[in-house]
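Enquirer: Turn this into a model:
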Amino acid sequence: MPKIYEYLGILIYFYSNEHEPVHVHATYQSFESKAEFVIVEGVIKEIHIQPIRGAKPLPNAQLNDFQVFLNEYGEQIVQKWIDYFVLHKHVNFERINKRVK
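Expert: Numbering: from 1, shown residues only. Modelled structure (predicted):
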């Protein structure tokens, strides 16, 4: 399970056996949600945050923080997905403790 970011206590990661569409998981305490990226011709067009079956979704405050983070770091997340799943490269973990935008 490659962890790619921690943002204000929200852990953002891929599962090692992921599948398309490009997506990331986020956990905060015992809560979990995921975000799927809609990519058209190499450009992120939409990001959909969804609950995970059997898990409580992120609380509203963390859900909002997750959305802001995805909007700011979406391209880097997609690049990390490509690096890890397509190019089989190691991806670095980054901890971000300051709010973005």
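
Enquirer: Please enumerate the strands of this structure.
Expert: Remark: strands assigned in the chain by DSSP state E are 3-7, 10-13, 23-28, 31-40, 43-51, 94-96.

Enquirer: Kindly reformat those as CSV and extend each row with distance to Val86, mean neighbour count and mean pLDDT.
Expert: In this view, the C-beta of every residue, glycine as well, is placed from N, C-alpha and C. Compiled in CSV, the strands of the chain are given as follows (distance: least, Cβ to Cβ, whole Å; neighbours: other Cβ atoms under 10 Å; pLDDT from 0 to 100):
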stretch, distance to Val86, mean neighbour count, mean pLDDT
strand 3-7, 15, 19, 96
strand 10-13, 17, 20, 96
strand 23-28, 15, 21, 96
strand 31-40, 13, 17, 96
strand 43-51, 17, 13, 96
strand 94-96, 20, 13, 96
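
Enquirer: Let's have those in CSV, adding distance to Lys80.
Expert: CSV is the format used below for the strands of the chain (distance: least, Cβ to Cβ, whole Å):
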stretch, distance to Lys80
strand 3-7, 5
strand 10-13, 10
strand 23-28, 9
strand 31-40, 12
strand 43-51, 13
strand 94-96, 10
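
Enquirer: and His88, which of the ones you listed is closest to it?
Expert: His88 lies closest, by Cβ to Cβ, to one member of the strands of the chain: strand 3-7, at 15.4 Å.
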